[in-house]
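> Here is a sequence with its predicted model. Questions after.
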Amino acid sequence: MPPTPDQQKHLEAISTLLEAQGLGAADLLQAITALAAVKQQEQKGRDAETGNKIFQEKLLLYPGSEDAFIFRYGTTKSKNYYLRIYCRETKQIYKKSLKTSNAEEAIVKARSIYAETYGKLSRGEKTKSLTTKSLIALYLEREHKRISPLPKAGITKETYETKKQYLSVWEKFICGELKMGDTKLENIPPDKTREFKYWLDRQEKSFYKSRKGFSADYINSIISEVNRMYRQVAVRDRYISITLVPQIDKAKSQPNTDPKRHILEVGEWEALATYLRTNKYLKPEEASILEETKRAIFREFMGIAYNTGMRPKELLGLTWNDVRENITDTKENQKIFRLLEVRANNSKTGRKRVVNAPVARRLQRLEKAYKNIGMSKEPQDFIFRNPTWERQEKNIPYGQPAFTKRLASALVEAGIQENLERTGRNITLYSSRHFYTTLRLQNGLNIHLLARQLGTSTTYIDQTYSHIQIEQNTEKISQGMSLIKKIEQL
């Protein structure tokens, strides 16, 4: 029997809806089944629910189950259908507007939502879904709130920017490589992401293009941040279960206990320090008084850095109020040494410490340099204060980039850079810390005292600079080997 005009109209509407949703023949059959179920329940629903002020025109999603049905509210003027699901496992109730007054269309929509939602309800997860993009946005929004100027009280702006950069790489992988930028987290198979490190190694670098591939440390740092994001937001807030966290193979590398940065040789440091004292450097031809002041400040910064082992950031955060004489020193040493207090909010570890160093004369020269340009010295003023005209009255400290540029130029002018390139060394501001540590160890300074001076652990010093102890103890290592030594001399 051919369908009536009204029936044909309904069938065409359903067919159009299914095509718009990208559904196929099997889905069409399901829709027809749903339509049949609707027809069977319509009259029964009207008879049973006419007196119900809350649920009206209730239609079961699946025959024989009262746990999922569509209905109309009897307390509102809207004629749209709503979906109601009751989860027996978690005793949760889920309701959602289907935004249609057509019963057939409502059943089709409701069954699709039920298929996506019931599993989440049974696992205790949120019914709202996130994509990778929205997860990253939510995570970074929360991390931004943790930014704090106090060490260990949160994260720094630099750390936040690093996290942002790491996650941009992950987003590029999910969206560009896997083509799953708009896919819900629960629909991304965890094993799809296993080869992230191999994909990353094929990508072109933005910086250091001469170096082949990405380091294992860099790759694993991204992976650690991605894992933290999923656990802190996606799992903790119950958007997905722990079983759906991406599986990512970490990069493997051989343990490396070499110093993380290259250092100058003693002769090279002497050559650089000597050059920084010359008029050629301090008073070049046609240089303004401002430029001469900047050069004088940089010279003393380098000297203090190489005589304290302090981190560049800690040095730049010092104020004159952090400097004092050591009352236990002799009169002679009080002319040479000063105690520098690294405040807790200026320390990487978040703990205050005092550094004892022969920098008194350098601080006096700094004070004189500021005075020559008309700048006063108040206790709260930064020691390495930017003397640029528009900043002189604002007590703004130097930033590391400015001194990094001056260091690069000085290494070239002092005739050191050519040898550095030949030996494959990259000297940075931080290299002064490693130089100081190496020299102190070579001269037998107690490792516990050195650790307090540097604001680090004895374990880190032992692991990173263990080669120095081997190099400096030939006699101790060869004790009891006189016979072998004698044979080797033959």
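Ah, there it is.

> host element of the spatially most central residue of the chain?
By C-alpha atoms, centre = their mean, the mean C-alpha position of the chain lies nearest to K163, the distance being 2.3 Å. Assigned by DSSP states H and E, K163 belongs to helix 157-172.

> Mind checking what helix or strand follows that helix in sequence?
helix 196-201.

> what comes up buried for that next one?
By neighbour count with 16 or more other C-beta atoms under 10 Å, helix 196-201 contains the buried residues 196-197, 200. Every residue, glycine included, has its C-beta placed from N, CA and C.

> Identify the residues contacting the residue nearest to the centre of the chain.
140, 143, 155, 225 (C-beta atoms under 8 Å, 6 or more residues apart in numbering).

> Adding secondary structure, neighbour count and distance to L276, write these out as CSV.
Output for the contacts of K163, formatted as CSV (DSSP: H, G, I helix; E, B strand; the rest coil; neighbours: other C-beta atoms under 10 Å; distance: C-beta to C-beta, whole Å):
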residue, secondary structure, neighbour count, distance to L276
L140, helix, 16, 43
E143, helix, 21, 41
I155, strand, 16, 36
E225, helix, 20, 40
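
> Which one of these is nearest to K294?
Nearest to K294 among the contacts of K163, counting by C-beta to C-beta, is I155 at 32.0 Å.

> for the protein, what spans make up the strands?
According to DSSP state E, the chain carries its strands in the segments 55-60, 68-73, 82-87, 92-97, 323-324, 338-342, 353-357.

> Just give the strands next to the fifth one in its sheet, each with its orientation.
In the sheet containing strand 323-324, the strands it pairs with under DSSP bridges are strand 338-342 (antiparallel).

> what is the mean pLDDT for the partner strand?
Mean pLDDT, strand 338-342: 96.

> Kindly report the same for stretch 135-151.
90.

> List the buried residues in that stretch.
Quick answer for stretch 135-151 (16+ other C-beta under 10 Å): 135-136, 138-140, 143, 151.

> So which of those residues belong to helices?
Counting by DSSP state H, the buried residues of stretch 135-151 place 135-136, 138-140, 143 in helices.

> now the residues you listed as a markdown table including distance to E325?
Converted to a markdown table, these look like this (distance: C-beta to C-beta, whole Å):
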| residue | distance to E325 |
| --- | --- |
| L135 | 55 |
| I136 | 52 |
| L138 | 53 |
| Y139 | 49 |
| L140 | 47 |
| E143 | 43 |
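
> Name the nearest of these relative to R299.
E143 (39.4 Å).

> need the contact list for I93.
84-87.

> What's the ChimeraX line that selects buried ones from these?
In ChimeraX, a selection of the buried entries from the contacts of I93 looks like this (16+ other C-beta under 10 Å):
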select :84,85,87
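
> As TSV, the contacts of I93 with pLDDT and distance to N372 would be great.
As requested, the contacts of I93 are arranged in TSV below (pLDDT from 0 to 100; distance: C-beta to C-beta, whole Å):
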residue	pLDDT	distance to N372
R84	88	81
I85	85	79
Y86	87	82
C87	85	78
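
> For the contacts of I93, work out which two are farthest apart.
The widest separation within these (C-beta to C-beta) is 11.1 Å, between R84 and C87.

> what's the overlap in contacts for these two?
With C-beta under 8 Å, 6+ apart as the test, R84 and C87 both reach 93-94.
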